[in-house]
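> show me how the following folds:
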Amino acid sequence: MTSNIGSQIPIDDNFDYATKKNLALEELKNHFRLEFLNRIDDIILFNKLTKENINHILKNQIDIIQDRISSKGIQISFSDEALEFLSEKGFDPIFGARPLKRLLQDEILNPLSEIILDMGENIPEKIIFSKDKYGLKIANKNLKILNS
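The predicted structure follows:
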């Protein structure tokens, strides 16, 4: 079980692990009954996600998408601005990287599905995503109709 309980507590990096764990336990006591907490074997604290962590998660998720569509002979690529957009919009200080999956569905998987369904056998080998003022767009000139 994971929880964001206690994530809002400003914890100084100079605190030792035991102090941080005790602060988290006190916060858990404010949310759960002691009978429930007594059933938890251990509490593990996680560090907040950094920009580097988010970029790594994003790269892994894009690699998974690429693996899924490679059987169709499709390769995807992204402009730096598109990757930055996904990295920023896919992260929430409260929910962490959880919004990233929905964002990838909306901005990449849904448009890819439309291309595959609409174009059938005429799918281009490479689909390029770039960023405009509305979000991601497909930069291939021959796929312009899908961007409207």
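
> please count neighbours and contacts with C-alpha atoms only from this point.
OK.

> so the most centrally placed residue in the chain: helix, strand or coil?
The centroid of the chain falls nearest to residue 100 when counting by C-alpha atoms, centre = their mean (2.6 Å). Judged by DSSP: H, G, I helix; E, B strand; the rest coil, the three-state class of residue 100 is helix.

> and the residue lying closest to it once chain neighbours are set aside, how many residues sit next to it?
Nearest-residue entry for residue 100: residue 90, 3.9 Å, with adjacent residues in sequence omitted and distances by C-alpha to C-alpha, 6 or more residues apart in numbering. Residue 90 has 21 neighbours, counted by other C-alpha atoms under 10 Å.

> pLDDT score for residue 90?
Per-residue confidence (pLDDT) for residue 90: 92.

> cool, and residue 83?
Here, the pLDDT recorded for residue 83 equals 97.

> host element of it?
helix 80-89 (DSSP states H and E).

> packing partners for that helix?
Judged by 3 or more C-alpha pairs under 8 Å, 6 or more residues apart in numbering; DSSP states H and E, the packing partners of helix 80-89 are helix 51-69, helix 98-104, strand 126-132, strand 135-138.

> many thanks, I have nothing further to ask.
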